[in-house]
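Undergrad: model this:
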Amino acid sequence: MTDKPNESSEPTPPRTQPVVSGQAAPSPYDSPTGEIPVVKSGVGENVPRTEDELGLDPEVPGVGERTEPIANRPAEEPTEPVTPAYAFASIPPAPAAGEGGLRRRGDYRRGTLDLGLLALRLVVGLTFLYHGLQKLAGWFHGPGLDQTRAMLEQGGWKHGELSTAMLSVAEVGGGALIVLGLATPLAAGAVLASITDAWLWKQGMAPGFQYKPVELESILAGLAATLILTGPGRLAFDRNRGWATRPMWGSVTALVLALIAATVSWIYLHGGNPFTGIFD
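TA: Presented below is the predicted three-dimensional model:
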């Protein structure tokens, strides 16, 4: 047996015979068997050139937009433009021209009222300060403490030392504070209580409600009460206090307390009915 190559079942393609021509056969690289087709873009076609056209950026919701899916929104919900919310300071509206204008302007248009209240304070305060220094220090040809205590004991006052001390402190301290316009309701209340007891004592010395013996005490008591109700004014150390320019119920309370203190001190330190005679 002789060895023969295995014959495949596939048919062998026929060989092409070279074409005989008058020219030499060229290189197989000079005659390509096929051409690569050139794809030409049509004129006018939109070719994406930027990132926005390519759609590479994700969609970012605008300021104030809702992030819920569109499918969950009701179909009939009206779409309104959403404006971004910013935090601004709220400015209250300006008041109208006629609201409270007269009252605010009236507080500063006091005219000579403060000057008049200063004159009233000087008259009342210096008068009580003068009499108090006479009793306390013996100034201005005054009796001094010893003679004042003896005079009160002869007039029927009990506890001579306590009565003398209370009278001197009320007149000196109250008078000085009234002149300064400092703690005016308390100072005027102190001098009102002392002058009220003096009025009761002098009225008891001349029973029958005779006005002439108590004329000076009546005027001083009325001025002290008026000063409590009006306040010291702006020309005082109390100018920033409410009772200085617009006294209210606090001044009425100070007036009532001063009268109560005068009544209690009269009953405890002296006693008796001043309208029928204190020695009866």
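Undergrad: buried sites along the helix or strand containing Leu167?
TA: Applying DSSP states H and E as the criterion places Leu167 in helix 160-180. Buried residues in helix 160-180, defined by neighbour count with 16 or more other CB atoms under 10 Å: 160, 163-164, 166-168, 170-180. From N, CA and C alone the C-beta is placed, and that goes for glycine too.
Undergrad: In terms of secondary structure, what does that helix contact?
TA: helix 113-137, helix 144-154, helix 184-205, helix 249-269 (3 or more CB pairs under 8 Å, 6 or more residues apart in numbering; DSSP states H and E).
Undergrad: Can you say which of the ones you listed is packed in most?
TA: helix 184-205 (a mean of 24; mean count of other CB atoms under 10 Å).
Undergrad: helix or strand right after that one?
TA: With DSSP H and E, the next secondary element past helix 184-205 is helix 215-230.
Undergrad: mind listing what's buried in the very next helix or strand once past that next one?
TA: With elements assigned by DSSP H and E, the helix or strand that comes after helix 215-230 is helix 242-245. Burial within helix 242-245, assessed by neighbour count using 16+ other CB under 10 Å, is assigned to Trp243, Ala244, Thr245.
Undergrad: mind listing what the second one touches?
TA: So the one you mean is Ala244. Gly181, Thr184, Gly231, Pro232, Gly233, Arg234, Ala236, Asp238 (CB atoms under 8 Å, 6 or more residues apart in numbering).
Undergrad: Could you do the first one as well?
TA: Contact analysis of Trp243 by CB under 8 Å, 6+ apart lists Thr184, Pro185, Gly231, Pro232, Gly250, Ser251.
Undergrad: The closest residue to it other than its chain neighbours: how many residues sit nearby?
TA: Using CB to CB, 6 or more residues apart in numbering and skipping the chain neighbours, the partner closest in space to Trp243 is Gly231 (4.9 Å). Gly231: 25 surrounding residues under other CB atoms under 10 Å.
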